[in-house]
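**Q** sharing a model that was predicted from the sequence below.
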There are 2 protein chains.
Amino acid sequence: MNELTLEDIAKLVGVHRSTVSRVINGSPKVSPEVRERVLKAIRETGYQPNAAARTLASQRSWMIGLVLPRSVSVFFTDPYFPQLTQGIAFGCNNHDYTLCLFLVGNKEDEEKILPRLSRRGMLDGILIQSGTPDDILIDQLNASSIPSAMIGRPNEPEGLSYIDVDNVRAAELATDHLINIGYHRIATITGPKGSTVTADRIEGYQKALKKSGRSIEKALIAQGDFSEVSGYNAMKVLLAKQPDAVFAASDIMAAGAIRAVKEVGLKIPEDIAFVGFDDIPLGTLTTVSLTTIRQPILKFGVRAVELLIDLIENGTTPPQQIIMDAELIIRDSCGAKKLGMS
Amino acid sequence: MNELTLEDIAKLVGVHRSTVSRVINGSPKVSPEVRERVLKAIRETGYQPNAAARTLASQRSWMIGLVLPRSVSVFFTDPYFPQLTQGIAFGCNNHDYTLCLFLVGNKEDEEKILPRLSRRGMLDGILIQSGTPDDILIDQLNASSIPSAMIGRPNEPEGLSYIDVDNVRAAELATDHLINIGYHRIATITGPKGSTVTADRIEGYQKALKKSGRSIEKALIAQGDFSEVSGYNAMKVLLAKQPDAVFAASDIMAAGAIRAVKEVGLKIPEDIAFVGFDDIPLGTLTTVSLTTIRQPILKFGVRAVELLIDLIENGTTPPQQIIMDAELIIRDSCGAKKLGMS
DNA sequence: TTGTGTCGTGAGAGCGCTCTCATATCTCGG
DNA sequence: CCGAGATATGAGAGCGCTCTCACGACACAA
């Protein structure tokens, strides 16, 4: 339908290719009269510059990649990643970049994806989810020359640019809250071992306990993997230790844990109080509304894109780190409201 | 790190650029001896062909776009779309295509996205979610010359290629099941008005009722919008009409409806039986395991990619339609097991 | 020997842009 | 009226590939 080139438009208007190019790229060195004529021709013909030719000549593709490693694909049912992806997509929309999505499904994909990522001239930069135990891709990526930023603090953050939520502070916030309300046996359900998120949230939890002069009871720390079932199972174990409050490292796990609590006939928050993490809409699926730590996931994605674009345009040295704050949202599951303490 | 060109490799090996190109593209017209030498040089240097140059010269980018219209973004918390996206991503991995994701966030995006999509030389083909009421983008896209396939039957499917699940048949299956077990007042909670999915599932529901000689009671059809809350609200309305079974057009809505049923102290399936739709993992979030229609969402995504690739490689005429089957998964919420009828 | 065919390789013209540099035109102070 | 400086436009060399065509080398039948 539309196989016009710059040259065609130029001929149509009676100017040189270069001039049309200037108009398209918003160069100021074009007289208003000529600019108008060119724009008119472009409008009337519906001309669209060829992306590949542009990329080849300018060495800029205006595309960025988002890589979600294999460990993530499993969690794709957790609303966190879809929402993050959405935030990143919106960030791209804002800045007129195109988003390429790379989901690693299996071992085989993992090997094939790196060459795809580093095809020169294809991506201006790469965003990659990190902080998970299998950070092989990340090392390889950083060895390449393409600008890249990590989402979530990597295991070895030296010299890398990344964006993250202050998980230590956030977990501390949640635990502080439970302490302040007056709970004594505060348990926690953690994420999978080895990830920085998990480590940070445990650190915040312990920091709050210590701050209030309490000892850490290992038996009150149960491991999950961010899935609903893992929360359910972790809670089963915790119930034997009789906690009066639980800080779950994700809302989904909190939902599972709450299911386990209800099954044995206990009430929330009367018998066991809950604070979750994420503030995902699913909160309504649990019969009691969940007190939680709200992560600005969407904004997080948008900022990640901005970080990457900054890296692309201004170079990657020195590396940049962005740490965003999370916020405590008090609802019913922690019991604060009933105590008149909200 | 790696700014080599074809020419460099050619010089290194002592052959012409063309020969190296042939090796890379797997042409048979290269002697085994030369091929080996070229491959060796490529291996040793870590050479990667420049994607933009390739695209420009060959008019093929090996990239496809996935467009999720605005109405979808709202639903992105529903696991359906993330899973679909995942399926499509895997399909791309399988065939060495790169996936570009276009999420429409607002009215403004909607206008900016079409030019981005139709940038020539950028995408080999486009997959777009359709069947929603605001199919403006779809019309515009089909007016362009770029190969495209719809996901979900469009409102006006003439001349278009699309892939869909047989929603009529699937809803009929669900309703038949409830009828066979012996329920009499079978209600349904539908998706949003105007979408083809909604229309099809209602049609299947009614078809099953008619087939068994029953009349359609309008009051037993309540509208939702695929969200949990809408299921909850719809059920509130339906409760007054005293149904003994409900077919919900999505699992998420079923979850909401179940919440409403429990709130008034009724039991599932004893007082009200349920069949959902989708078979998403969240089924475990409802306390009773949900009988549902399983959609092969992941496979659906993979097939969609294959359809599009076929279109790209073999032309778009005649348009192709793929209709996939769904399957009834019997669990506890329909009561069949208790009746020994599974 | 000559002609016909096959096979591997080289040559070179694009693909449709961007960007630097040269050139033409205009402005204005002295 | 001239020349310096600013400004608008044209010219043309790439960007790094693909692909068609031409050509030399060799095999084999007549």
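**A** Now that the structure is in, tell me what you want to look at.
**Q** only C-alpha atoms from now on, for both contacts and neighbour counts.
**A** Will do.
**Q** just confirm yes or no for stretch A:121-140 near chain B.
**A** Yes: contact between stretch A:121-140 and chain B, assessed by CA under 8 Å from any CA of the partner chain, occurs at A:Gly121, A:Met122.
**Q** list the buried residues for that stretch?
**A** A:121-132, A:135, A:137-138 (16 or more other CA atoms under 10 Å in any protein chain shown).
**Q** just the CA trace of it, in PDB.
**A** As requested, C-alpha coordinates have been extracted for stretch A:121-140 and formatted as PDB (Å, rounded to 0.1, in the frame of the first residue of the first chain):
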ATOM      1  CA  GLY A 121      21.800  -2.900  15.700                       C
ATOM      2  CA  MET A 122      18.700  -4.500  17.100                       C
ATOM      3  CA  LEU A 123      18.400  -3.200  20.600                       C
ATOM      4  CA  ASP A 124      19.500   0.100  22.100                       C
ATOM      5  CA  GLY A 125      19.500  -1.300  25.600                       C
ATOM      6  CA  ILE A 126      18.300  -4.100  27.700                       C
ATOM      7  CA  LEU A 127      16.400  -4.400  30.900                       C
ATOM      8  CA  ILE A 128      16.700  -7.700  32.800                       C
ATOM      9  CA  GLN A 129      15.100  -9.000  35.800                       C
ATOM     10  CA  SER A 130      17.800 -10.000  38.300                       C
ATOM     11  CA  GLY A 131      18.200 -10.900  41.900                       C
ATOM     12  CA  THR A 132      17.200 -14.500  41.200                       C
ATOM     13  CA  PRO A 133      19.600 -17.300  41.800                       C
ATOM     14  CA  ASP A 134      20.300 -18.100  38.200                       C
ATOM     15  CA  ASP A 135      22.000 -14.900  37.000                       C
ATOM     16  CA  ILE A 136      24.000 -16.500  34.200                       C
ATOM     17  CA  LEU A 137      22.400 -14.400  31.600                       C
ATOM     18  CA  ILE A 138      23.200 -11.300  33.500                       C
ATOM     19  CA  ASP A 139      26.900 -11.900  33.600                       C
ATOM     20  CA  GLN A 140      26.900 -12.600  29.900                       C
END
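**Q** A:Cys100 bridge partners, please.
**A** Beta-bridge partners of A:Cys100, counted by DSSP bridges, are A:Gly65, B:Cys100.
**Q** quick check, it in contact with A:Ser61.
**A** No: taking CA atoms under 8 Å as the definition, A:Cys100 is not a contact partner of A:Ser61, at 11.5 Å.
**Q** the more surrounded of the two?
**A** Residue environment comparison for A:Cys100 versus A:Ser61 gives the larger neighbour count to A:Cys100, 25 against 22, counting by other CA atoms under 10 Å in any protein chain shown.
**Q** so what's the more buried one up against?
**A** A:Met63, A:Ile64, A:Gly65, A:Leu66, B:Thr98, B:Leu99, B:Cys100, B:Leu101 (CA atoms under 8 Å, 6 or more residues apart in numbering or on different chains).
**Q** if we go to 6 Å?
**A** For A:Cys100, the contacting residues are A:Gly65, B:Leu99, B:Cys100, B:Leu101, taking CA atoms under 6 Å, 6 or more residues apart in numbering or on different chains as the criterion.
**Q** equivalent analysis for A:Glu36, please.
**A** Residues in contact with A:Glu36 (CA under 6 Å, 6+ apart): none are found.
**Q** same check on A:Thr132?
**A** If you count contacts by CA under 6 Å, 6+ apart, A:Thr132 has them with A:Ser195.
**Q** quick check: it is in a helix.
**A** No: residue state for A:Thr132 (DSSP: H, G, I helix; E, B strand; the rest coil) corresponds to coil; a helix is not indicated.
**Q** what does it show for phi and psi?
**A** The main-chain torsion angles of A:Thr132 are listed as degrees, to the nearest 10 and equal phi -90, psi 160.
**Q** per-residue confidence for it?
**A** What the model reports as pLDDT for A:Thr132 is 73.
**Q** quick check: it vs A:Pro192, distance?
**A** Spatial separation of A:Thr132 from A:Pro192 under the definition CA to CA, to the nearest Å is 9 Å.
**Q** now do A:Asn94
**A** Computed as CA to CA, the A:Asn94 to A:Pro192 distance reads 34 Å.
**Q** of those two, who's got more company?
**A** Neighbour totals were compared for A:Asn94 and A:Pro192, and A:Pro192 leads with 19 against 15 (other CA under 10 Å).
**Q** doesn't A:Asp225 make contact with the more buried one?
**A** Yes: A:Pro192 lies in contact with A:Asp225 (CA atoms under 6 Å); the separation is 4.4 Å.
**Q** quick one on the thing from earlier: who wins on neighbours among the contacts of A:Cys100?
**A** Each of the contacts of A:Cys100 was scored by neighbour count (other CA under 10 Å); the top score is that of B:Leu99, with 27 neighbours.
**Q** show me the contacts for it.
**A** Listed by CA under 6 Å, 6+ apart, the contact set of B:Leu99 reads A:Cys100, A:Leu101, B:Met63, B:Ile64, B:Gly65.
**Q** could you list the buried residues of stretch A:17-26?
**A** Buried positions in stretch A:17-26, judged by neighbour count with 16+ other CA under 10 Å: A:Arg17, A:Thr19, A:Val20, A:Ser21, A:Val23, A:Ile24.
**Q** what is the neighbour count of A:Thr291?
**A** In terms of burial, A:Thr291 registers 25 neighbours under the definition other CA under 10 Å.
**Q** ok so, going back, how about the contacts of A:Cys100 in a markdown table, adding distance to DNA strand C and pLDDT?
**A** Rendered in a markdown table, the data for the contacts of A:Cys100 read as follows (distance: CA to the nearest atom of the strand, whole Å; pLDDT from 0 to 100):
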| residue | distance to DNA strand C | pLDDT |
| --- | --- | --- |
| A:Gly65 | 21 | 96 |
| B:Leu99 | 22 | 97 |
| B:Cys100 | 21 | 97 |
| B:Leu101 | 23 | 96 |
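**Q** tell me the one of the buried residues of stretch A:17-26 nearest B:Pro243?
**A** A:Ile24 (62.7 Å; CA to CA).
**Q** now that closest one: phi and psi?
**A** Note on A:Ile24: its backbone torsions stand at phi -60, psi -40 [degrees, to the nearest 10].
**Q** about what we covered before: and of the contacts of B:Leu99, the nearest to A:Glu270?
**A** Within the set of the contacts of B:Leu99, A:Leu101 lies nearest A:Glu270; the separation is 44.8 Å, counting by CA to CA.
**Q** surely the closest one touches A:Leu66?
**A** Yes: counting by CA under 6 Å, A:Leu66 is a contact partner of A:Leu101 at 5.1 Å.
**Q** among the buried residues of stretch A:121-140, show me the least confident.
**A** Comparing pLDDT over the buried residues of stretch A:121-140, the lowest score belongs to A:Asp135 (70).
**Q** look up how far DNA strand C lies from it.
**A** According to CA to the nearest atom of the strand, to the nearest Å, A:Asp135 and DNA strand C sit 35 Å apart.
**Q** could you do A:Asn167 as well?
**A** As for A:Asn167, its distance to DNA strand C is 41 Å (criterion: CA to the nearest atom of the strand).
**Q** and for A:Pro192 and A:Asp225, which residues touch both?
**A** By CA under 6 Å, 6+ apart, no residue touches both A:Pro192 and A:Asp225.
**Q** now for chain A, the helix or strand with the poorest mean pLDDT.
**A** Each helix and strand of chain A was given a mean pLDDT (mean pLDDT, DSSP states H and E); the minimum falls on helix A:70-73 at a mean of 69.
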